[in-house]
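> Fold the following.
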Amino acid sequence: MALDVGHWTLDLNYFSYFSEIEDTFIRRRGKHLMLSPMDWALIESWKERGIPLHVALRSIEHAFDSHQAKQRKRSVKTLLYCQEEVEAQYAEWLETRVGSHEEAAEEREDKSPFPRDAVLTHLARALGDLIKLGKESYDDELREAVSRAATLLTEIKNDYASAATPDARKLEDSLTGIDRMLDTAIHTAAAGTLDQITAEIDAQLKPYGRHMDKAAFEQTRDNLLRKRLREHFQVPRLSLFYLSL
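The predicted structure follows:
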């Protein structure tokens, strides 16, 4: 599937399907681990069955979130760990394709807290910002990440627009996954100024440190750093939290 947007051609091809899943798995695992032939065969089976890329990526993110929440000592070593979640989310995705917009209108209003048009406007605005940033960014790795994000966001936007019963919660999960990928690229791009920005944030938070427990302090620090870096590189926030009604 090739999508022509301005001077960009967003190509979600066979290779992209494999490479995006591999990148997400390695990024969430935290250590570089080559996928096994069985893992590659599993990805190929997902591709051949028509499991959308954004559904597979969202499922992998969710599987790792669940693994971390359970604080298991054993690390995830194979993509097979995510298979059950991919199957479950694909089944749920298929249900969203059943029926027409008219037949599902009442159910959709109950299921989503946001009007479909408002969500699509938000996604279109974010997509436009990503494409603009991709043309202007001077950092090669960030430009590549932004291009990948735009490709994924285009697929997600089209999927949400065509769903009989769109699910805002699932959409938010997909957007969170893209944001995580972008944050990794932003940190790499900011390597030269990261220490300075971190020092400024630490100075800003110092008066409040003794009033906060360690976990809350670290979370606040991370949130401020993420916000500062996104503003510096002008990377749009994708979350529906930033949707304007």
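
> any idea how the chain splits into domains?
Here the domain assignment for the chain is 1-96, 114-245, based on automatic domain parsing.

> Using a markdown table, please lay out these together with mean pLDDT.
Putting the domains of the chain into a markdown table (pLDDT from 0 to 100) gives the following:
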| stretch | mean pLDDT |
| --- | --- |
| domain 1-96 | 84 |
| domain 114-245 | 89 |
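
> Same list (these) but as a markdown table, adding mean neighbour count.
Glycine gets a C-beta too; all of them are placed from N, C-alpha and C. Conversion of the domains of the chain to a markdown table gives the following (neighbours: other CB atoms under 10 Å):
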| stretch | mean neighbour count |
| --- | --- |
| domain 1-96 | 15 |
| domain 114-245 | 16 |
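
> which residues does the closest residue in space to I51 that isn't next to it in sequence contact?
Spatial nearest neighbour of I51, excluding adjacent residues (CB to CB, 6 or more residues apart in numbering): Y90 at 4.9 Å. Neighbouring residues of Y90 by CB atoms under 8 Å, 6 or more residues apart in numbering: 49, 51, 55-56, 59.

> now W93
52, 55, 170.

> 7 Å instead, please
52, 55 (CB atoms under 7 Å, 6 or more residues apart in numbering).

> got the CA coordinates for the strand or helix carrying it in PDB?
Taking DSSP states H and E as the criterion, W93 maps to helix 83-96. Listed next in PDB are the C-alpha coordinates belonging to helix 83-96 (Å, rounded to 0.1, in the frame of the first residue of the first chain):
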ATOM      1  CA  GLN A  83       1.000 -14.400  19.800                       C
ATOM      2  CA  GLU A  84      -2.000 -14.800  22.100                       C
ATOM      3  CA  GLU A  85      -2.500 -11.100  22.500                       C
ATOM      4  CA  VAL A  86      -2.200 -10.500  18.700                       C
ATOM      5  CA  GLU A  87      -4.900 -13.200  18.100                       C
ATOM      6  CA  ALA A  88      -7.200 -11.700  20.700                       C
ATOM      7  CA  GLN A  89      -6.800  -8.100  19.400                       C
ATOM      8  CA  TYR A  90      -7.200  -9.200  15.800                       C
ATOM      9  CA  ALA A  91     -10.500 -10.900  16.700                       C
ATOM     10  CA  GLU A  92     -11.700  -7.700  18.400                       C
ATOM     11  CA  TRP A  93     -10.600  -5.700  15.300                       C
ATOM     12  CA  LEU A  94     -12.600  -7.900  13.000                       C
ATOM     13  CA  GLU A  95     -15.700  -7.200  15.100                       C
ATOM     14  CA  THR A  96     -15.300  -3.500  14.500                       C
END
